[in-house]
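Engineer: output the structure for:
(chains A and B)
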Protein chains: 2
Amino acid sequence: MNSECVFCRIVAGELPSCKVYEDDDTLAFMDIGPIVRGHTLVIPKTHMDPLTAAPAEVLQKLILVVQSIARAQVRAFKADGFNVMQSNGRAAGQVVPHLHFHVIPRFAGDGHHWNWRAHPYEKPEEMNALAQQIKAALAD
Amino acid sequence: MNSECVFCRIVAGELPSCKVYEDDDTLAFMDIGPIVRGHTLVIPKTHMDPLTAAPAEVLQKLILVVQSIARAQVRAFKADGFNVMQSNGRAAGQVVPHLHFHVIPRFAGDGHHWNWRAHPYEKPEEMNALAQQIKAALAD
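Structural biologist: Sure, this is the predicted structure:
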(Lines give C-alpha, C1' and ligand atoms only; values in the text may rest on other atoms or scores of the structure.)
Protein backbone atom coordinates (compact mmCIF):
# COMPACT_ATOMS: atom_id res chain seq x y z
CA MET A 1 0.00 0.00 0.00
CA ASN A 2 1.07 3.52 -0.89
CA SER A 3 -0.32 5.67 1.93
CA GLU A 4 -0.33 8.77 -0.28
CA CYS A 5 -2.37 7.06 -2.99
CA VAL A 6 -6.10 7.78 -3.04
CA PHE A 7 -6.91 4.43 -4.64
CA CYS A 8 -4.77 2.49 -2.14
CA ARG A 9 -6.64 4.28 0.64
CA ILE A 10 -9.95 3.28 -0.96
CA VAL A 11 -8.75 -0.34 -1.15
CA ALA A 12 -7.74 -0.15 2.53
CA GLY A 13 -11.13 1.28 3.50
CA GLU A 14 -9.60 4.54 4.71
CA LEU A 15 -11.56 6.48 2.12
CA PRO A 16 -15.14 5.73 1.10
CA SER A 17 -16.11 4.37 -2.30
CA CYS A 18 -19.18 2.98 -3.96
CA LYS A 19 -18.07 -0.54 -4.86
CA VAL A 20 -19.62 -2.65 -7.60
CA TYR A 21 -17.22 -5.62 -7.59
CA GLU A 22 -14.39 -6.95 -5.47
CA ASP A 23 -12.20 -10.04 -5.37
CA ASP A 24 -8.82 -10.81 -3.80
CA ASP A 25 -6.90 -8.87 -6.43
CA THR A 26 -9.29 -6.41 -8.03
CA LEU A 27 -11.72 -3.66 -7.09
CA ALA A 28 -14.34 -1.94 -9.23
CA PHE A 29 -16.06 1.18 -7.95
CA MET A 30 -18.01 4.15 -9.23
CA ASP A 31 -16.11 7.17 -10.52
CA ILE A 32 -17.43 10.11 -8.49
CA GLY A 33 -16.77 12.43 -11.44
CA PRO A 34 -18.37 10.45 -14.27
CA ILE A 35 -18.02 11.40 -17.91
CA VAL A 36 -21.34 9.64 -18.37
CA ARG A 37 -23.60 8.32 -15.60
CA GLY A 38 -22.53 4.81 -14.54
CA HIS A 39 -18.80 5.37 -15.27
CA THR A 40 -16.84 2.76 -13.29
CA LEU A 41 -13.16 2.30 -12.41
CA VAL A 42 -11.36 -1.06 -12.31
CA ILE A 43 -8.09 -1.26 -10.37
CA PRO A 44 -5.65 -3.82 -9.00
CA LYS A 45 -5.66 -3.78 -5.20
CA THR A 46 -1.87 -3.74 -5.17
CA HIS A 47 -0.31 -0.38 -5.96
CA MET A 48 1.29 -0.31 -9.38
CA ASP A 49 1.69 2.18 -12.18
CA PRO A 50 1.87 2.57 -15.15
CA LEU A 51 0.34 -0.25 -17.22
CA THR A 52 3.77 -1.06 -18.64
CA ALA A 53 4.94 -2.01 -15.12
CA ALA A 54 2.09 -4.43 -14.40
CA PRO A 55 2.74 -8.18 -14.21
CA ALA A 56 1.06 -10.13 -17.02
CA GLU A 57 -1.21 -12.03 -14.65
CA VAL A 58 -2.50 -8.81 -13.10
CA LEU A 59 -3.38 -7.33 -16.48
CA GLN A 60 -5.01 -10.55 -17.58
CA LYS A 61 -7.25 -10.55 -14.51
CA LEU A 62 -8.05 -6.84 -14.85
CA ILE A 63 -9.14 -7.05 -18.48
CA LEU A 64 -11.63 -9.80 -17.63
CA VAL A 65 -13.11 -7.69 -14.85
CA VAL A 66 -13.27 -4.76 -17.29
CA GLN A 67 -15.20 -7.00 -19.65
CA SER A 68 -17.59 -8.13 -16.89
CA ILE A 69 -18.27 -4.56 -15.82
CA ALA A 70 -18.91 -3.51 -19.42
CA ARG A 71 -21.33 -6.39 -19.88
CA ALA A 72 -23.12 -5.46 -16.67
CA GLN A 73 -23.35 -1.78 -17.65
CA VAL A 74 -24.78 -2.63 -21.06
CA ARG A 75 -27.30 -4.99 -19.49
CA ALA A 76 -28.21 -2.75 -16.55
CA PHE A 77 -28.47 0.52 -18.44
CA LYS A 78 -29.33 -0.75 -21.92
CA ALA A 79 -26.26 1.19 -23.05
CA ASP A 80 -25.68 1.65 -26.77
CA GLY A 81 -21.96 1.10 -26.30
CA PHE A 82 -19.06 1.76 -23.98
CA ASN A 83 -15.50 3.03 -23.84
CA VAL A 84 -12.56 1.46 -22.09
CA MET A 85 -10.00 4.15 -21.39
CA GLN A 86 -6.69 3.98 -19.61
CA SER A 87 -4.21 6.81 -19.10
CA ASN A 88 -0.56 6.67 -18.12
CA GLY A 89 1.33 9.77 -17.11
CA ARG A 90 0.25 13.37 -16.69
CA ALA A 91 0.88 13.98 -20.37
CA ALA A 92 -1.83 11.38 -21.07
CA GLY A 93 -4.30 12.99 -18.67
CA GLN A 94 -3.75 10.60 -15.77
CA VAL A 95 -4.71 12.13 -12.42
CA VAL A 96 -4.34 9.28 -9.90
CA PRO A 97 -1.05 7.41 -10.40
CA HIS A 98 -2.39 3.94 -9.60
CA LEU A 99 -3.18 1.73 -12.60
CA HIS A 100 -6.88 2.02 -13.49
CA PHE A 101 -9.25 1.32 -16.34
CA HIS A 102 -12.24 3.55 -16.96
CA VAL A 103 -15.33 1.67 -18.16
CA ILE A 104 -17.77 4.26 -19.47
CA PRO A 105 -21.28 3.35 -20.66
CA ARG A 106 -22.31 5.28 -23.75
CA PHE A 107 -25.68 6.27 -25.12
CA ALA A 108 -26.70 7.91 -28.38
CA GLY A 109 -27.09 11.56 -27.46
CA ASP A 110 -25.30 11.27 -24.11
CA GLY A 111 -23.61 14.59 -24.86
CA HIS A 112 -20.04 13.31 -24.65
CA HIS A 113 -17.75 13.58 -27.64
CA TRP A 114 -14.09 12.57 -27.60
CA ASN A 115 -12.17 15.26 -29.40
CA TRP A 116 -10.69 12.71 -31.74
CA ARG A 117 -8.51 14.84 -33.97
CA ALA A 118 -6.82 12.59 -36.47
CA HIS A 119 -3.76 14.04 -38.13
CA PRO A 120 -2.99 11.83 -41.14
CA TYR A 121 0.67 11.48 -41.97
CA GLU A 122 1.62 13.77 -44.80
CA LYS A 123 4.30 11.37 -45.96
CA PRO A 124 4.08 7.57 -45.67
CA GLU A 125 7.84 7.61 -45.02
CA GLU A 126 7.20 9.29 -41.68
CA MET A 127 4.77 6.55 -40.62
CA ASN A 128 7.12 3.83 -41.84
CA ALA A 129 10.04 5.32 -39.92
CA LEU A 130 8.01 5.42 -36.68
CA ALA A 131 6.88 1.82 -37.24
CA GLN A 132 10.51 0.78 -37.66
CA GLN A 133 11.36 2.45 -34.36
CA ILE A 134 8.57 0.55 -32.58
CA LYS A 135 9.65 -2.72 -34.17
CA ALA A 136 13.24 -2.14 -33.13
CA ALA A 137 12.16 -1.39 -29.55
CA LEU A 138 9.98 -4.53 -29.49
CA ALA A 139 13.00 -6.60 -30.48
CA ASP A 140 15.23 -5.08 -27.79
CA MET B 1 -13.13 -13.26 -42.07
CA ASN B 2 -15.77 -10.62 -42.65
CA SER B 3 -15.21 -9.49 -46.23
CA GLU B 4 -16.82 -6.11 -45.56
CA CYS B 5 -14.53 -5.38 -42.61
CA VAL B 6 -11.54 -3.13 -43.28
CA PHE B 7 -9.48 -4.72 -40.51
CA CYS B 8 -10.26 -8.26 -41.70
CA ARG B 9 -9.10 -7.20 -45.16
CA ILE B 10 -5.90 -5.83 -43.65
CA VAL B 11 -5.35 -9.14 -41.83
CA ALA B 12 -5.95 -11.00 -45.10
CA GLY B 13 -3.48 -8.76 -46.94
CA GLU B 14 -6.18 -7.39 -49.25
CA LEU B 15 -5.57 -3.88 -47.95
CA PRO B 16 -2.17 -2.43 -47.11
CA SER B 17 -1.07 -1.64 -43.57
CA CYS B 18 2.10 -0.64 -41.81
CA LYS B 19 2.63 -3.54 -39.40
CA VAL B 20 4.65 -3.36 -36.23
CA TYR B 21 3.86 -6.76 -34.70
CA GLU B 22 2.16 -9.97 -35.74
CA ASP B 23 1.61 -13.42 -34.30
CA ASP B 24 -0.87 -16.21 -35.02
CA ASP B 25 -3.73 -14.44 -33.27
CA THR B 26 -2.89 -10.75 -33.12
CA LEU B 27 -1.86 -7.90 -35.41
CA ALA B 28 -0.53 -4.45 -34.48
CA PHE B 29 -0.28 -1.77 -37.13
CA MET B 30 -0.01 1.99 -37.45
CA ASP B 31 -3.20 4.06 -37.35
CA ILE B 32 -3.13 6.11 -40.57
CA GLY B 33 -5.05 8.90 -38.83
CA PRO B 34 -3.04 9.24 -35.61
CA ILE B 35 -4.18 11.37 -32.69
CA VAL B 36 -0.48 11.67 -31.89
CA ARG B 37 2.42 10.47 -34.07
CA GLY B 38 3.16 6.78 -33.41
CA HIS B 39 -0.49 5.85 -32.62
CA THR B 40 -0.85 2.09 -33.07
CA LEU B 41 -3.81 -0.30 -33.29
CA VAL B 42 -3.89 -3.79 -31.77
CA ILE B 43 -6.50 -6.23 -33.08
CA PRO B 44 -7.37 -9.93 -32.97
CA LYS B 45 -6.99 -11.50 -36.40
CA THR B 46 -10.36 -13.18 -36.04
CA HIS B 47 -13.33 -10.90 -36.59
CA MET B 48 -15.15 -10.12 -33.37
CA ASP B 49 -16.91 -7.16 -31.85
CA PRO B 50 -17.57 -5.66 -29.34
CA LEU B 51 -15.16 -6.32 -26.45
CA THR B 52 -18.00 -7.89 -24.47
CA ALA B 53 -18.23 -10.66 -27.10
CA ALA B 54 -14.54 -11.59 -27.02
CA PRO B 55 -13.42 -14.92 -25.53
CA ALA B 56 -11.35 -14.50 -22.36
CA GLU B 57 -8.23 -16.01 -23.92
CA VAL B 58 -8.37 -13.54 -26.83
CA LEU B 59 -8.62 -10.53 -24.50
CA GLN B 60 -5.84 -11.88 -22.33
CA LYS B 61 -3.52 -12.17 -25.32
CA LEU B 62 -4.51 -8.77 -26.67
CA ILE B 63 -3.84 -6.90 -23.43
CA LEU B 64 -0.30 -8.30 -23.30
CA VAL B 65 0.35 -7.15 -26.86
CA VAL B 66 -1.08 -3.75 -25.92
CA GLN B 67 1.40 -3.65 -23.05
CA SER B 68 4.31 -4.63 -25.31
CA ILE B 69 3.43 -1.97 -27.86
CA ALA B 70 3.15 0.67 -25.14
CA ARG B 71 6.55 -0.32 -23.75
CA ALA B 72 8.06 -0.14 -27.23
CA GLN B 73 6.50 3.27 -27.93
CA VAL B 74 7.79 4.69 -24.66
CA ARG B 75 11.26 3.30 -25.33
CA ALA B 76 11.38 4.23 -29.02
CA PHE B 77 9.95 7.72 -28.74
CA LYS B 78 10.91 8.58 -25.15
CA ALA B 79 7.20 9.20 -24.63
CA ASP B 80 6.07 10.89 -21.41
CA GLY B 81 3.07 8.57 -21.21
CA PHE B 82 0.44 6.82 -23.28
CA ASN B 83 -3.28 6.17 -23.55
CA VAL B 84 -4.99 2.87 -24.15
CA MET B 85 -8.41 3.54 -25.64
CA GLN B 86 -11.06 1.16 -26.82
CA SER B 87 -14.48 2.06 -28.22
CA ASN B 88 -17.55 -0.10 -28.66
CA GLY B 89 -20.52 1.06 -30.69
CA ARG B 90 -21.13 4.21 -32.70
CA ALA B 91 -22.34 5.96 -29.57
CA ALA B 92 -18.84 5.44 -28.14
CA GLY B 93 -17.11 6.80 -31.24
CA GLN B 94 -16.24 3.44 -32.79
CA VAL B 95 -15.72 3.65 -36.53
CA VAL B 96 -14.49 0.18 -37.57
CA PRO B 97 -16.65 -2.55 -35.96
CA HIS B 98 -13.80 -5.03 -35.36
CA LEU B 99 -12.43 -5.15 -31.80
CA HIS B 100 -9.38 -2.89 -31.52
CA PHE B 101 -7.26 -1.16 -28.92
CA HIS B 102 -5.68 2.20 -29.60
CA VAL B 103 -2.23 2.61 -28.07
CA ILE B 104 -1.34 6.30 -28.25
CA PRO B 105 2.05 7.66 -27.17
CA ARG B 106 1.77 10.95 -25.31
CA PHE B 107 4.16 13.83 -24.85
CA ALA B 108 4.01 16.95 -22.72
CA GLY B 109 2.81 19.62 -25.13
CA ASP B 110 1.71 17.17 -27.84
CA GLY B 111 -1.35 19.35 -28.39
CA HIS B 112 -3.93 16.65 -27.66
CA HIS B 113 -6.39 17.09 -24.83
CA TRP B 114 -9.18 14.64 -24.05
CA ASN B 115 -12.31 16.67 -23.37
CA TRP B 116 -12.72 14.98 -20.03
CA ARG B 117 -15.84 16.62 -18.68
CA ALA B 118 -16.62 15.14 -15.32
CA HIS B 119 -20.17 15.61 -14.11
CA PRO B 120 -20.16 14.80 -10.39
CA TYR B 121 -23.35 13.24 -9.08
CA GLU B 122 -25.51 15.83 -7.39
CA LYS B 123 -26.94 13.21 -5.05
CA PRO B 124 -25.01 10.20 -3.75
CA GLU B 125 -28.29 8.26 -3.95
CA GLU B 126 -28.12 8.47 -7.73
CA MET B 127 -24.62 6.94 -7.79
CA ASN B 128 -25.62 4.26 -5.31
CA ALA B 129 -28.68 3.32 -7.35
CA LEU B 130 -26.58 2.94 -10.52
CA ALA B 131 -24.03 0.85 -8.61
CA GLN B 132 -26.82 -1.42 -7.41
CA GLN B 133 -27.98 -1.89 -11.00
CA ILE B 134 -24.45 -2.87 -12.10
CA LYS B 135 -24.11 -5.28 -9.16
CA ALA B 136 -27.46 -6.86 -9.95
CA ALA B 137 -26.47 -7.29 -13.62
CA LEU B 138 -23.12 -8.83 -12.58
CA ALA B 139 -24.97 -11.38 -10.49
CA ASP B 140 -27.35 -12.32 -13.32
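Engineer: and the lengthiest strand in chain A, average pLDDT?
Structural biologist: Identified as the longest strand of chain A according to DSSP state E is strand A:81-88. Strand A:81-88 carries an average pLDDT of 98.
Engineer: repeat for stretch A:4-16
Structural biologist: 97.
Engineer: list the contacts of residue A:76.
Structural biologist: Contacts for residue A:76 (CB atoms under 8 Å, 6 or more residues apart in numbering or on different chains) come out as A:38, B:130, B:133, B:134, B:136, B:137. For every residue, glycine as well, the C-beta is placed using N, CA and C.
Engineer: from what I see, the last one and residue A:75 are in contact.
Structural biologist: Translated: residue B:137. Yes: between residue B:137 and residue A:75 there is a contact under CB atoms under 8 Å: 4.2 Å.
Engineer: so what strands line up beside the longest strand of chain A?
Structural biologist: In the sheet, strand A:81-88 lines up against strand A:101-106 (antiparallel), strand B:81-88 (antiparallel) (DSSP bridges).
Engineer: so what's the residue nearest the centre of chain A up against?
Structural biologist: By CA atoms, centre = their mean, chain A has its centre lying nearest to residue A:101, at 1.9 Å. The contact partners of residue A:101, taken as CB under 8 Å, 6+ apart, are A:41, A:42, A:43, A:62, A:63, A:66, A:84, A:85, A:86.
Engineer: how about 7 Å then?
Structural biologist: Residue A:101 is in contact with A:42, A:62, A:66, A:84, A:86, counting by CB atoms under 7 Å, 6 or more residues apart in numbering or on different chains.
Engineer: do the same with residue A:48
Structural biologist: By CB under 7 Å, 6+ apart, the contact set of residue A:48 is A:54, A:99.
Engineer: coming back round to it: now the two most distant members of the contacts of residue A:101.
Structural biologist: Of all pairs drawn from the contacts of residue A:101, the widest gap by CB to CB lies between A:62 and A:84 and measures 10.6 Å.
Engineer: relative to strand A:81-88, how tilted is the one helix or strand residue A:61 maps to?
Structural biologist: Assessed by DSSP states H and E, residue A:61 sits inside helix A:56-77. Calculated by axes from the mean of the first three to the mean of the last three CA atoms, to 10 degrees, helix A:56-77 forms an angle of 150 degrees with strand A:81-88.
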